[in-house]
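Visitor: just coords:
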């Protein structure tokens, strides 16, 4: 079995296409399975262009090592063997979108929207790293066993070496075409205007198509990835407070903008609870004062019955020996009988 860079042992071929062969391999240094992409130029490519192509793929693959997004297969290493780059990547287990469509037919609209949003997040992450995705297609989208939507082939496109990288609008146009191929009715179904809007010339139309895609997927907010694919025109500016909530949303779940806004009433409720507790405590204290006053009055009224006069705790009337209810019982000095 072939050993690449003295470390990666090729086991068996997983897929083969115009851009090369993807191998299942074993990283002998770390003892784990990886995917290794053997890049080769299309047949008939002139030698000079071939060298330029390999140099570009190697450069973009090394830049892709910085991408840390669940929607992009992680690049672990880039080795050069036999004059060609070999890209060592995360081995993602699952079926490609092409295989899924061939086996099961079109996806339900909601699932198609979820897959499209996952691809959009991967496109954003790749663009942020300076590695635009070339040649987006169903066979380069993996529906992983762990539920992720993973874009493969980042930095391994086979376009001409001097071809300019695709722009943000081309990313969305490719996404619209991908989305149209996922559903049963791409012309008149619920996702038809979304697919058409993603390919629109107007930035506002493209932004509206992304929002509708989010609504149909049930997220209510932007997919993971902070930078818009289509530039600042697609997303209005926010203040510092929004950024903090956005980061929270991204870390805590996909509840989106609506989920983030529910934090405000929750905090208001938390402030109201101490006030209610204070009112209840004050009411109880007041009740205890009233009860104590009534008890004191009852004891005080009991005092005169012990002897003549209007005495009490401070009365000078002589106390009756053996009588109950002397002033001492209510905190005064006990009266001493006179002889």
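Guide: Good, I have the coordinates. Since we're looking at a predicted model, the values are computed, not measured. Numbers count the residues shown, from 1 in each chain.
Visitor: quick one: low-confidence ranges for this structure?
Guide: Along the chain, the parts satisfying pLDDT under 70 run over 155-163, 219-279, 281, 291, 295-339.
Visitor: what ranges do the helices span in the chain?
Guide: 47-64, 97-104, 109-128, 168-180, 192-198, 203-217, 240-252, 256-261, 263-302 (DSSP state H).
Visitor: what's the fourth one packed up against?
Guide: Helix 168-180 makes packing contacts with helix 109-128, helix 192-198, helix 203-217 when contacts are defined by 3 or more Cβ pairs under 8 Å, 6 or more residues apart in numbering; DSSP states H and E. Glycine gets a C-beta too; all of them are placed from N, C-alpha and C.
Visitor: want to throw these into JSON lines with mean neighbour count and distance to residue 144?
Guide: Below are those laid out as JSON lines (neighbours: other Cβ atoms under 10 Å; distance: least, Cβ to Cβ, whole Å):
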{"stretch": "helix 109-128", "mean neighbour count": "23", "distance to residue 144": "10"}
{"stretch": "helix 192-198", "mean neighbour count": "21", "distance to residue 144": "24"}
{"stretch": "helix 203-217", "mean neighbour count": "19", "distance to residue 144": "17"}
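Visitor: Give the partner strands of the biggest strand by length in the chain in its sheet and their orientations.
Guide: Looking across the chain with DSSP state E, the single longest strand is strand 8-17. Here strand 8-17 has these sheet partners by DSSP bridges: strand 3-4 (antiparallel), strand 20-27 (antiparallel).
Visitor: Looking at those strands, which is nearest to residue 97?
Guide: Closest of these to residue 97 is strand 20-27, at 15.6 Å (criterion: Cβ to Cβ).
Visitor: What angle do helix 47-64 and that closest one make with each other?
Guide: Put simply, strand 20-27 runs at 50 degrees to helix 47-64, going by axes from the mean of the first three to the mean of the last three Cα atoms, to 10 degrees.
Visitor: any chance of the helices and strands packed on helix 168-180 in TSV, plus distance to residue 70?
Guide: Listed next are those as TSV, based on distance: least, Cβ to Cβ, whole Å:
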stretch	distance to residue 70
helix 109-128	8
helix 192-198	22
helix 203-217	16
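Visitor: looking at the strands paired with strand 8-17, which is closest to residue 86?
Guide: Proximity to residue 86 (Cβ to Cβ) singles out strand 3-4 among the strands paired with strand 8-17, at 5.2 Å.
Visitor: Give me the residues contacting that closest one.
Guide: Outside of strand 3-4, the residues within contact range by Cβ atoms under 8 Å, 6 or more residues apart in numbering are 9-10, 25, 28, 36, 79, 81, 86.
Visitor: just stretch 78-94 next, same as before
Guide: Residues outside stretch 78-94 that contact it (Cβ under 8 Å, 6+ apart): 4-5, 7-8, 24-25, 27, 33-40, 51, 54, 57-58, 61-62, 65, 73-77, 142-146, 148, 150, 152, 155-156.
Visitor: again with stretch 19-30
Guide: 3-4, 7-16, 32-40, 76, 88, 91, 135, 152-153, 156-158.
Visitor: Return the set of buried residues in that stretch.
Guide: Going by neighbour count (16 or more other Cβ atoms under 10 Å), the buried part of stretch 19-30 is 19-20, 22-23, 25-27.
Visitor: Can you say which of the helices and strands packed on helix 168-180 is nearest to residue 45?
Guide: Across the helices and strands packed on helix 168-180, residue 45 has its closest neighbour in helix 109-128 (24.3 Å, Cβ to Cβ).
Visitor: could you say what helices and strands the closest one packs with?
Guide: Contact here means 3+ Cβ pairs under 8 Å, 6+ apart; on that basis helix 109-128 packs against strand 141-144, strand 149-151, helix 168-180, helix 203-217.
Visitor: Which among the ones you listed is found nearest to residue 192?
Guide: helix 168-180 (7.8 Å).
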